[in-house]
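[1] Need a 3D model of the following:
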Amino acid sequence: MSSAARTTIVEGSLPRVVLRVALPAVGSTLLLTFFTAVDTFWVGTYVGSAGLAAVTTSLFWVWLIISIAEMVSIGVTAVASRRHGERRPEEAAHATANALVLTVLLGVGVAVAGTLGLGAIFAAMQTPAQVTRLGIQYLGTYLLAAPLLFGFFTVDAAFRASGDTKTPLLLLAASVSLTLVLDPVLILGLLGMPALGIRGAAIATISVRSACFVIGLVILRRRGMLRWRGVDPALIATICKVGAPTAATGVVFSLIYALVTRTTAVFGTPAIAALGLGHRIESWLYMIGVGFGAGAAAIVGQNLGARQVERAEHAAWLTVGYATVPALVFFVLALTIPERLALIFTGDPSVVAEAARYLRIGAWSELAVCTEVVLESALGGAGYTVAPMFTSTLITVLRVPLAAWAATRWGTAGIWWVITGTAIARALAMAAIWKGGRWKKRAV
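    Next up, the predicted model:
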């Protein structure tokens with residue numbers, strides 16, 4: 001993408017700019033969700049409820065891994081988008097190169113630590129023995145490719161910071177197509193391949209995503225968006241300083257879900273599966289919000305670099321408005337046909353019934369989730385991440401005592417209401433922080 005094309009983010013019709021940048025990003029995040037939904041379908045259908053519970057509980061830890069990767073992703077988005085807004089693409093390319101070195105090293109560390117701690121991870125959630133055994137197979141396989149998976153997040157962020165959200169979409173579209181073939185082949189042992197079961201689902205995911213990273217790296221290099229001039233400690237420190245608070249928020253969120261899972265485990269495997277399944281179904285809307293948020297982060301960052309603060313502020317609110325449209329659709333679906341949504345992934349009646357209860361209660365948080373995600377991403381694009389971290393983390397931590405208290409009085413329904421109420425509270429908090437305007441003075 002040429003420098004002239006990148007500068008269109010800071011000029012022209014703002015509604016058109018938001019849609020042009022955000023919609024491909026939404027497509028990318030939905031493809032990522034579809035990526036994991038395919039795993040859930042095959043595992044839930046052919047491995048059973050224990051396999052479904054293993055995948056869904058593993059995903060809370062996958063989310064933690066992703067949160068660590070996003071420290072670099074968010075940091076390089078803020079730094080590179082500012083440089084593009086200032087019409088300094090060479091500096092943006094230099095930032096991307098340093099971010100790649102950092103993110104791959106982090107991936108290696110996570111792979112080693114996660115593999116060594118697999119037993120403790122599932123022991124902390126107190127999952128049943130069969131769920132633990134299958135979960136270790138799935139998550140342990142996933143961790144092997146952590147360095148390459150981490151690298152893809154930085155590649156994706158580099159494209160988005162320049163205003164190019166179409167290239168990641170094309171990469172992910174190709175990868176999902178391959179996963180649709182690989183999942184049944186590796187899980188069931190088709191076409192002469194051995195039947196790998198739940199481990200095959202993880203192999204399908206990591207192999208295709210790793211290939212996306214390599215191809216994306218080549219494209220960045222050919223476009224001049226990746227330039228190595230040696231390690232720049234000050235630049236790496238800035239990337240970490242901006243991204244670390246948001247990454248910490250995601251890590252805490254994942255750990256809290258693990259603790260909430262422990263509370264839920266008292267009610268048996270169907271409740272654990274329902275928690276993970278409900279989270280998976282809700283993730284479709286969440287990822288739509290992430291896509292709109294990715295667009296908002298790039299637009300805010302570039303416009304701040306171009307010293308167009310009012311345009312940056314208006315862009316975030318406008319993006320929230322667009323993202324609220326699908327939120328209304330999900331709200332209606334979760335209230336009216338939750339059983340049908342659950343039946344997509346499992347035929348176990350007990351899991352379907354519990355997941356439907358989760359979705360009906362959680363429907364009210366659907367109205368708020370995109371507001372939270374978009375505005376938190378916009379704050380990340382501005383490089384203002386500390387205040388959102390403290391606010392979001394405090395509210396999320398409250399889930400642990402509140403869920404334990406509510407579970408003793410109203411069972412699983414009490415846990416689901418706590419999750420819903422705290423999600424709404426986080427959205428209101430992000431709106432207040434954005435409205436406060438302190439992010440406008442943040443230098444990156």
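[2] Tell me where the stretch 101-250 of the chain has helices.
    Taking DSSP state H, counting those that start in this stretch, the helices of the stretch 101-250 of the chain run over residues 118-125, 129-143, 146-161, 166-188, 198-222, 233-264.
[3] And the fifth one, what does it pack against?
    Right, helix 198-222. helix 14-46, helix 49-85, helix 129-143, helix 146-161, helix 166-188 (3 or more Cβ pairs under 8 Å, 6 or more residues apart in numbering; DSSP states H and E). Where C-beta positions appear, they are placed from N, C-alpha and C, glycine not excepted.
[4] Likewise for the longest one?
    Judged by 3+ Cβ pairs under 8 Å, 6+ apart, the packing partners of helix 233-264 are helix 49-85, helix 89-116, helix 118-125, helix 269-305, helix 349-381, helix 386-397, helix 399-410, helix 412-436.
[5] okay, the angle between that helix and helix 349-381?
    160 degrees (axes from the mean of the first three to the mean of the last three Cα atoms, to 10 degrees).
[6] tell me which residues of helix 233-264 are tucked away?
    235-236, 238-264 (16 or more other Cβ atoms under 10 Å).
[7] between that helix and helix 412-436, how many degrees?
    150 degrees.
[8] Centre of the chain to helix 233-264, how far?
    12 Å (Cα atoms, centre = their mean, to the nearest Å).
[9] Give me the pLDDT value at the residue lying closest to L178 once chain neighbours are set aside.
    Nearest residue to L178, sequence neighbours excluded (Cβ to Cβ, 6 or more residues apart in numbering): V208, at 4.9 Å. pLDDT recorded at V208 is 82.
[10] can you count the residues close to I337?
    13 (other Cβ atoms under 10 Å).
[11] quick one: it and V397, what's the gap?
    33 Å (Cβ to Cβ, to the nearest Å).
[12] how about low-confidence regions in this structure?
    Along the chain, segments meeting pLDDT under 70 span 1-7, 36, 39, 60.
[13] Relative to the centre of it, find the outermost residue for me.
    G192 (34.6 Å; Cα atoms, centre = their mean).
[14] Who are the contact partners of that one?
    The contact partners of G192, by Cβ atoms under 8 Å, 6 or more residues apart in numbering, come to none.
[15] Surely the residue nearest to L178 is in contact with V181?
    No - using Cβ atoms under 8 Å, V208 and V181 do not qualify as a contacting pair, with a distance of 9.7 Å.
[16] Compare those two and say which one has the larger neighbour count.
    A count of neighbours by other Cβ under 10 Å puts V208 above the other of V208 and V181, at 21 against 13.
[17] Report the contact partners of that one.
    By Cβ under 8 Å, 6+ apart, the neighbours of V208 are 175-176, 178-179, 182.
[18] and if we set it to 6 Å?
    175, 178-179 (Cβ atoms under 6 Å, 6 or more residues apart in numbering).
[19] among these, which ones are buried?
    175, 179.
[20] Run a quick neighbour tally on the nearest residue to A387 once chain neighbours are set aside.
    Distances taken as Cβ to Cβ, 6+ apart put I433 closest to A387, at 5.6 Å, once the chain neighbours are dropped. For I433, the neighbour count with other Cβ under 10 Å is 19.
[21] State the distance from I433 to R311.
    I433 is 19 Å from R311, by Cβ to Cβ.
[22] Now stretch 124-132: buried residues?
    125-127, 131-132.
[23] Next, give me the two most distant ones among the residues you listed.
    Maximum pairwise distance in the buried residues of stretch 124-132, criterion Cβ to Cβ, is 10.0 Å, between Q126 and V131.
[24] A271 against G411, yeah?
    No - counting by Cβ atoms under 6 Å, A271 sits too far from G411 to count as a contact (8.9 Å).
[25] Look at the two and report which has more neighbours.
    It is A271, of A271 and G411, that has more neighbours when counted by other Cβ under 10 Å, with 25 against 14.
[26] residues touching the more buried one, list them.
    264, 354, 412.
[27] Distance to I187 for these - can I get that in TSV?
    What follows is these, written out as TSV (distance: Cβ to Cβ, whole Å):
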residue	distance to I187
T264	26
E354	25
T412	29
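[28] Of those, which is the nearest to L220?
    T264 (42.0 Å).
[29] State the distance from the closest one to G119.
    Look at T264 and G119: by Cβ to Cβ, they are 20 Å apart.
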